[in-house]
Structure formats: C-alpha cells, structure tokens
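Novice: A predicted structure for the sequence below; I have some questions about it.
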Amino acid sequence: MASGLEPKTARAEMAMAGARGVTSEMMSKQPRKDVIRNTIFGSILLLTIAVALAGLGLLIGKNLVDGASRLNLDLITHNNSSNPEEAGLRNGLIGTLWIMFFVVVMLVPLGVGAAIFLEEYGNRSSRLIRLIEVNIQNLAAVPSIIYGLLGLAFIARAPLDLGYVVITASMTLTLLVLPVVILASREAIRAVPASIREGSMALGATKWQTIRRQVLPASVPGIVTGVILALSRAIGETAPLIPLGAATFLTFTPGPFTEFTAMPITVFTWVKQPQPEFQTLAAAGVLFMIAVLVVMNSFAIWLRNRYEQSW
Amino acid sequence: MEARGFVASGPAALSRRLEAASPRYGEKAIFALLAGCAVLSVVTTTAIVISLVVPSIQFFGEVSITDFLFGTDWGPTFTPASFGVLPIVVGTLSVTLWAMVFAIPIGLGSAIYLSEYASRRVRRAVKPILEILAGIPTIAFGYFALIFITPQLQKIWPGHFLGGPPLLFSVLGGGLAIGLMIVPIIASISEDAMSAVPRGLREGAYALGATKAKVATRVVFPAALSGIVASVILGVSRAIGETMVVLIAVGSTPNLTLSPVESVQAMTAFIGTTATGDIPNGSTTYKTIFAVALLLFGMTMVMNLLSVRLVRKYRQAYE
C-alpha cells in the first residue's frame, strides 16, 4: 500500500483485492508434491542424526552397563595384573601422564613456533611456505600406525637409538599431533587484526616484541584449545605405540626415563583377553578413557567459545 | 631505550633513528628458531619417507614387485612365505567400503539437518556433542564392534543373506564401527561448508517458491560440494588408516574375499599384529611391514592430494 497505486474507486479496489487474492492463492502454496517430498526429506534427515546420536549413545551405554561393576577407585589405584580381579589402570595412567608431560614440553614450543613463523614471517607466495603448508596438510592425513613405524625405525632404533622408553613414545606422539596444534595456533594468530601489530610497530617495538607482547597474548585461548585437543588425541592413540614395544603386559610403574606403558595399551591388553572378567574390566577401562577425553574436549570447546574474541 | 635516544637526539637525527639501533641479533636468532620449528614438518615427512622406502627397497630386492602387488596369497610369516599383498589390500578396501556406506548418508544427512533444518538452539546443542564425540578413542569403537555391533548383527541376520550371519570377527562389524567413528568428521566439516554458503542464495530460492528440501539439495548442497567432497575423502583416508578397530573386530585371517560376513586382515591390522617392539631388525618380516606401510602411506597420500585438488578446483569464492 506504500506505492502510488491507491485504489480510487470501489471497482478498482475490488479488482485489486481480487488480484491480490489470486496472487497469494497461486504463489503462497507450494505444490502438494513438493510439500510431501519436503516432509519426507526432513524426516529422513532427522532419522540420520538420530542414528548417529543413538550409535554414539549406545557405545557409551553398552560400556556403562558392562563395566559398571568395575567402575570404582580400584580401577585407577591398582596396577595392571594377569589376575583380572586385581588388575587396574594405575601404571598405565602414570605412563600416560609421563608421556604427556614430555609431549607438552615439546609440542607447545614446536607447534606455536611453526605457526608464528608461517603467519608472521612467512611470505604466502614463497615456495618454502607453500611446501611447508602442503606438508602439514599431508602429515595430518598420515595413518597413526605409520608414525609408530617412524618411531620404531628412527627414534627407538638407529639413528636416534633411544630404545623403547617414555621419551620415544612422547616424540612419536608429538610428531603425530603437531599438525593439530599448528593449524589451531595459525587460526588464532590470524584472527588478531593487523592494526594491533601496526600500532605496536609504530611505537617502535621490534617484530618479536610485537609478537611476544601483543599477538601471542591475544591468541592464547585459541592456542590452548588446540593444545588440549591435540593432547586428547595423543592420550587416546593406541596404534602408534604398538610398534614401539608397548603391546606387552607390563605391570611395573613407569617413571620418566623407564620403559613405558600407557592407558590405551593397558585397555587393549584387556580387550584381547578371553575371560569375561577381563571383558568387564575392558568396558570399565574404555569408559574411563572416554570420560577423560570427553572432559578434555568439552573444556577445550568451552574455552574456545568463551574466549572467542571478535575485534 | 628507543624513547630515550629519540628525546636526546632530536628531530635532526629522526631519519637515522627510524632504522634499527642495533643489528638485532636476537631477532635474527628468533627468526631462525621459528623457521626451524616450521621446517620440522618437512623433516618429519622426509623421515617418514626414508624410514618406509629404505626397508622397502631391500624388501623388493628379495621379493619381486609384481609378486607383491598382484599375488593373491598373503602369508609372510608362514613357511614357505608368500607375499601377495592383494588379500590385505582388498581387506582394507572392503572395510572402508562398509564404513562409507554407513558414514556418508548418516554424516551428510546430519550435516544437512543441522545446517538447513535445525533451529539455532538444536544446532548449538548438537554441534558441540558431535565435536566432543570426535574425541572418543578408536579402541572404544573397536571394542563396541566386538561386543555390540557384530553380536546384534548375528541376532537380526536374515538367514542366508550374503552367505549367512557375520562371524565374530567380520568386515561388516568393523566397517560399521569405523563408519560410526567417521560420522562426526563428515558431519562437522560438511556442516561448516554448508553454513558458509551465503544466505542470499537460499533466500533467492525461497523467493522462487522452493521448499526447504529443494533449497538444501539443489542450492546449498552443490554450492558446498567442495567442502563436502573434502570431508568424505578425509573420512575415507581415516578409514583406510584406522588400526585399532580392524585389529580388534575384523580379525587377522588374510582371506581374499569381498564377503562382508567373513573375517579378513586389513593392511593396518597386519602392521599392528606383526610390528611389535621385539621384531628383529633386517629380517624379511621387518621389511615386509615397511613395504605394506609404504603402500598404505601412498594410498592415503593420493587421497589427500586428490582432496586438495578437488577443493581447489570446485571451490566457490563468495564475497
């Protein structure tokens, strides 16, 4: 009615009302076939997401039911043992903690350093940078067991020849999850607006001072999120540790420089046992691992959403 | 330091002061250090390639490459040993096939639902759940296949369909578990790609009278195709490289079969069962592991390069 076509006479008014009625009759109703198809399509989509969530719910529920009787403190206060009544995750957990300690020590400087180099020093068109980028992408797609073979051939045996110790596992897992941290840190660094850097440089700060005092503090939440996600991946990885000599039934408590065992390896040894007592234990162990990793991932995602900064 | 120098020297010396007051060796050292971190990725790749290729070359000195690639009998630890890799390659591919048969419809359906149909509240609740579930360890999926999926399949199996119910270790059970594992990856990446399609395209289609289903399938889906394809390829390469699920639930009998109800050995399962820490350096078995791993590495590398190329080729740049 905002246009200049106000009806002048009753006839014109009637004609316009009629036209409006016909238009809305013709245009607002979608063909019946389309409406039916739309409803069917929507229901199928709802079904797919229900299947996905149900599958994952069943996975957790089944382990919860099976493992309920072993879900108590004994699970993490007993060392692994060949007697299923006595066995627990304690030494596996301690081994995982030592491995992760060294992973963090190596992962954070290497990952953040690489990200800073690529974002702040790299010239996007330079061939070296492009090579590194494609490389990181490729590394992220390499199957984890191949990292295990790398660890076996390069780190545990010659040329590094460290043997089957905690640090060998840490180095292997660091290489495995490094792309996660690099990608997350790059995104966090890229999100810091150029004006912040320019302001800092204009005040006479050097490049490194700018990065150290302006860019890095602003990108900490993104980097921490990446590190936590990487660690949760490293904790859950079983396959790369198998070639590093971890697949055996270890019952001692690992220290920082001893041979290693790890939580997923302990659970794997239980999964392989035929006795029903071990199956119960395996369900409880799987559930404990899921709980640890879900808590870590939730925290990382909460952190990302909480500190997501828009400039 | 800079500020004091500036005040003392005055405007006459301004042009000189704009240059660094010292050679800044520290900055150069930091540059070198950071460059070193970035180059580590190239070193890693090189190390992977060397560690796989060197034993593989020695392996192909003992076993002919055609016997390896086209042989149909796999028994490298038996006497007499046979090195035809086809059974375990087919094993890997058929597990991957069943994983994708489950994961592509479920993952893409979930992605379309979240991106086009779900209300803001549902999306904000379900998306983080999918992301969190992406963190469930792979060993959990393997165990789930062994204690739940396969037994349930055996219960509901219709008679002699596909040659009878699946064995306890079966392609189908493991494949479905891997499929479930991959759903969050496909759903999450595809949903990102679909959400990135500009609103204007959707609104244009709605204005022409399209239903949600038509907008989703004929506008949003094609516009987000590069991201969707990338998510599927990433899923395939995850399925090919997955070790724990096939180790726990698919078995270690290298049958050359396409049947989903039988037990096979996947490439990763062979590596996982054979490559234990105590394997003697330089033995034929040791070299065999690396030859299989090289083939696996090649397969995932091809998938990844393919995905990079497809994304670049079909990427629609909006704005």
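Specialist: Arrived safely.
Novice: From now on I want contacts and neighbour counts done on CA atoms only, so please keep to that.
Specialist: Will do.
Novice: For B:Gly142, which non-adjacent residue is closest in space?
Specialist: The shortest distance from B:Gly142 to any non-neighbouring residue, by CA to CA, 6 or more residues apart in numbering or on different chains, is to B:Val245 (3.8 Å).
Novice: Please work out which residues outside the helix or strand hosting that neighbour touch it.
Specialist: B:Val245 is part of helix B:244-249, with elements assigned from DSSP states H and E. When contacts are defined by CA atoms under 8 Å, 6 or more residues apart in numbering or on different chains, helix B:244-249 is touched by residues A:238-239, A:271-272, B:138-139, B:141-143, B:145-146, B:168-170, B:173-174, B:177-178, B:265-266, B:268-269, B:272-273.
Novice: Next, the buried residues of it.
Specialist: Of the residues in helix B:244-249, those buried under the neighbour-count criterion (16 or more other CA atoms under 10 Å in any protein chain shown) are B:Met244, B:Val245, B:Val246, B:Leu247, B:Ile248, B:Ala249.
Novice: One more: stretch A:33-43?
Specialist: In terms of neighbour count (16+ other CA under 10 Å), stretch A:33-43 has its buried residues at A:Val35, A:Asn38, A:Phe41, A:Gly42.
Novice: Quick check on the contacts of helix B:244-249: which are buried?
Specialist: For the contacts of helix B:244-249, a neighbour count by 16+ other CA under 10 Å gives the buried set as A:238-239, A:271, B:138-139, B:141-143, B:145-146, B:168-170, B:173-174, B:177-178, B:265-266, B:268-269, B:272.
Novice: Enumerate every residue touching residue 308.
Specialist: All of this is about chain A. For A:Glu308, the set of contacting residues under the criterion of CA under 8 Å, 6+ apart consists of A:Pro221, A:Gly222.
Novice: think we crossed wires, I meant chain B
Specialist: B:Ala230.
Novice: Can you give me the pLDDT of it?
Specialist: Here the pLDDT value assigned to B:Val308 is 81.
Novice: Distance-wise, check it relative to A:Glu133.
Specialist: Counting by CA to CA, to the nearest Å, the gap between B:Val308 and A:Glu133 amounts to 12 Å.
Novice: Is residue 72 in a helix, a strand, or coil?
Specialist: Using chain A here. Taken by DSSP: H, G, I helix; E, B strand; the rest coil, the conformation at A:Asn72 corresponds to coil.
Novice: Please refer instead to chain B.
Specialist: The three-state assignment at B:Thr72 reads coil, by three-state DSSP.
Novice: Tell me the spacing between it and B:Ser195.
Specialist: Shown here: B:Thr72 relative to B:Ser195, a distance of 46 Å by CA to CA.
Novice: re earlier: closest to chain A out of the buried residues of helix B:244-249?
Specialist: Of all the buried residues of helix B:244-249, the one sitting nearest chain A is B:Met244; the distance, using CA to the nearest CA, is 6.2 Å.
Novice: Lowest-confidence one in the buried residues of stretch A:33-43?
Specialist: Scanning the buried residues of stretch A:33-43 for pLDDT, the low point is A:Val35. It has 87.
Novice: Spit out the contact partners of it.
Specialist: Contacts of A:Val35 (CA under 8 Å, 6+ apart): B:Thr211.
Novice: All the helices of chain A, residue numbers only.
Specialist: Along chain A, counting by DSSP state H, helices occupy A:10-28, A:32-67, A:74-77, A:90-116, A:127-141, A:144-150, A:166-190, A:194-202, A:207-210, A:216-236, A:263-272, A:276-307.
Novice: Need the winner for burial among those.
Specialist: The highest mean neighbour count among these, using mean count of other CA atoms under 10 Å in any protein chain shown, belongs to helix A:144-150: a mean of 27.
Novice: does that helix come close to chain B?
Specialist: Yes: applying CA under 8 Å from any CA of the partner chain, one finds that helix A:144-150 is in contact with chain B at A:Ser144, A:Ile145, A:Ile146, A:Tyr147, A:Leu149, A:Leu150.
Novice: what's the answer for stretch A:238-245, then?
Specialist: Yes: with CA under 8 Å from any CA as the measure, stretch A:238-245 is seen reaching chain B through A:Thr238, A:Ala239, A:Ile242, A:Pro243, A:Leu244, A:Gly245.
Novice: which regions of the stretch 101-250 of chain A lie under the pLDDT threshold?
Specialist: By pLDDT under 70, the low-scoring segments of the stretch 101-250 of chain A are A:247-248.
Novice: Find the closest residue to chain B in it.
Specialist: Using CA to the nearest CA, the single residue of the stretch 101-250 of chain A nearest to chain B is A:Gly245, 3.5 Å away.
Novice: mind checking how far that residue is from B:Ala266?
Specialist: Taking CA to CA as the measure, A:Gly245 falls 21 Å from B:Ala266.
Novice: Would you tell me which of the helices of chain A gets closest to B:Leu86?
Specialist: B:Leu86 lies closest, by CA to CA, to one member of the helices of chain A: helix A:144-150, at 19.6 Å.
Novice: Summarise which helices and strands the closest one is packed against.
Specialist: Helices and strands touching helix A:144-150, as assessed by 3 or more CA pairs under 8 Å, 6 or more residues apart in numbering or on different chains; DSSP states H and E, comprise helix A:166-190, helix B:25-62, helix B:267-274, helix B:284-314.
Novice: now these in CSV, with distance to A:Ala15?
Specialist: Converted to CSV, these look like this (distance: least, CA to CA, whole Å):
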stretch, distance to A:Ala15
helix A:166-190, 60
helix B:25-62, 74
helix B:267-274, 76
helix B:284-314, 50
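Novice: among the ones you listed, which gets the worst mean confidence?
Specialist: helix B:284-314 (a mean of 89).
Novice: Tell me the buried residues in that helix?
Specialist: Buried-residue list, helix B:284-314, by 16+ other CA under 10 Å: B:284-297, B:300-301, B:303-304, B:307-308, B:310-311.
Novice: Pick out the residue nearest the middle of the chain.
Specialist: Just going to use chain A. Computing the C-alpha centroid of chain A and ranking residues by CA atoms, centre = their mean puts A:Leu229 first, at 4.2 Å.
Novice: ah, I was thinking of chain B
Specialist: The residue at the geometric middle of chain B, judged as the C-alpha nearest the mean C-alpha position with CA atoms, centre = their mean, is B:Arg238 (2.7 Å).
Novice: So it versus B:Leu93, what's the distance?
Specialist: As it turns out, when the distance is counted by CA to CA, B:Arg238 lies 12 Å from B:Leu93.
Novice: A:Pro179 too?
Specialist: Noted for A:Pro179: a distance of 26 Å to B:Leu93, by CA to CA.
Novice: What residues does the stretch 51-200 of chain B have near chain A?
Specialist: Selection of the stretch 51-200 of chain B residues close to chain A by CA under 8 Å from any CA yields B:51-52, B:105-107, B:109-110, B:112-113, B:117, B:128, B:131-133, B:135-141, B:143-144, B:148, B:180, B:183.
Novice: go again using 6 Å as the cut-off
Specialist: Residues of the stretch 51-200 of chain B that fall close to chain A, judged by CA under 6 Å from any CA of the partner chain: B:Ile106, B:Gly109, B:Ser110, B:Tyr113, B:Ile132, B:Ile136, B:Pro137, B:Ala140.
Novice: Much appreciated, bye for now.
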